[in-house]
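Asks: Take this sequence and fold it.
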Amino acid sequence: MTEDQLDTYSDVRLRYKKGDLIIKEGDYGISIYKIVTGKVTVYAEAEDLEIPLGTLGPGEVIGEMIFLDQNIERRSASARALENTEVESWHPGMLAKEYERMPPILKIIADQALVRLIRMNRLIPQLVKREAQKKSKPKLRPAHMEQRRHYRKEVRLRASCRPAGTAIGRGLSGEIKDVSLGGVGMEIRLPSVGKFPYKAQDEFIINTVLPNGKDLELRAKILSIKKSGAPGKLFLGMCFNDLSDIATRELGFFLMPA
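Replies: Residues are numbered from 1 along each chain as shown. Coordinates of the predicted model:
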């Protein structure tokens, strides 16, 4: 159908000011509107959210879902004027005969496109709402992780550590004596020459292997430095920084009661 043919079906012209509601989602209505001048936003509503579905301008049509899908009785979306807008209001009966004259194949194509559009219009609000809920909901650790956060387990795990930012292989060797989801207690061998050059708050990368064979890399900073009972060794109390999800999971499973 050409633009000139569509104009012959015009029923009445309506004018809306900027911000005026043209169609309200959920309301009953059968009129179809062709935008003559201005701009209109079409949006869906999900609780307190307005989810934009598109912005339409002159020559484009709103409210056509009522006509195309005979199963729809209520408006599936809202439409509001973004600026002073004039529309032509059509009664669907004016278009029904033209629709029936369409070749069957064009009707099939139109029906398939309509089904996809309806499905998408229903899906978009659900996805936007779900994403908004994710952003507003604080990220909580699983309860079993929180219960184990301060649980400290005595272990004997060979480990190496190096100052953050240095190359692999240039570090200290030792043994992790205890571990929790908050940090580790690690006994290290002192360098053979010179004093221990590090202090509290210095950051280290710790590498170890859990009894189940899982390699673990942890970033931690020194909280305390004490003499160990063994000669030539120090005991470092360290807390984790930026514990990754993988490290949290592996360490959490390791800390589970046997």
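
Asks: and the closest residue to residue 177 other than its chain neighbours, what are its bridge partners?
Replies: Leaving aside its chain neighbours, residue 177 sits nearest to residue 185 (4.9 Å; criterion: CB to CB, 6 or more residues apart in numbering). Placement of C-beta: from N, CA and C, glycine included. For residue 185, the beta-bridge partners are residue 178, residue 237 (DSSP bridges).

Asks: Please look at residue 185 and residue 237 and confirm they touch.
Replies: Yes. If you go by CB atoms under 8 Å, residue 185 and residue 237 touch, sitting 5.6 Å apart.

Asks: Tell me which of these two has more neighbours.
Replies: residue 185 (20 against 16; other CB atoms under 10 Å).

Asks: just the helices in the protein please.
Replies: For the chain, the helices defined by DSSP state H occupy 3-7, 64-68, 93-100, 104-136, 143-149, 245-255.

Asks: now this protein, which segments are flagged as low pLDDT?
Replies: Along the chain, the model assigns pLDDT under 70 to residues 1-11, 47, 66-73, 118, 121-122, 124-129, 131-150, 167-170, 192-194, 257-258.

Asks: State which strand of it is the longest.
Replies: The longest strand of the chain (DSSP state E) is strand 215-227.

Asks: From the chain's centroid, how far away is it?
Replies: Remark: strand 215-227 is offset 33 Å from the chain centroid, using CA atoms, centre = their mean, to the nearest Å.

Asks: how about that strand: buried residues?
Replies: For strand 215-227, burial by neighbour count (16 or more other CB atoms under 10 Å) applies to 216, 218, 219, 220, 222, 225.

Asks: Please report how far the third one lies from residue 241.
Replies: Using CB to CB, to the nearest Å, residue 219 is found at 5 Å from residue 241.

Asks: Mutual contacts of the two, please.
Replies: Common contact partners of residue 219 and residue 241 (CB atoms under 8 Å, 6 or more residues apart in numbering): residue 203.

Asks: give me the number of residues near the closest residue in space to residue 33 that isn't next to it in sequence?
Replies: Spatially, and ignoring its direct neighbours in sequence, residue 33 is nearest to residue 87 (4.3 Å; CB to CB, 6+ apart). Using other CB under 10 Å, residue 87 has 27 neighbouring residues.

Asks: One more: the one 10 residues further on?
Replies: The burial count assigned to residue 97 is 8, neighbours taken as other CB under 10 Å.

Asks: Contacts only, for residue 225.
Replies: Residue 225 makes contact with 196, 198, 199, 200, 234, 235, 236, 237, according to CB under 8 Å, 6+ apart.

Asks: quick revisit: unless I'm mixing things up, the residue nearest to residue 33 is touching residue 32, no?
Replies: No. With contact defined as CB under 8 Å, residue 87 does not reach residue 32; the gap is 9.6 Å.

Asks: list the residues that contact both of those two?
Replies: residue 62.

Asks: what's near enough to touch the residue of the chain most remote from its centre?
Replies: Distance to the chain centre peaks in the chain at residue 231, reaching 52.8 Å (criterion: CA atoms, centre = their mean). With CB under 8 Å, 6+ apart as the criterion, no residue contacts residue 231.
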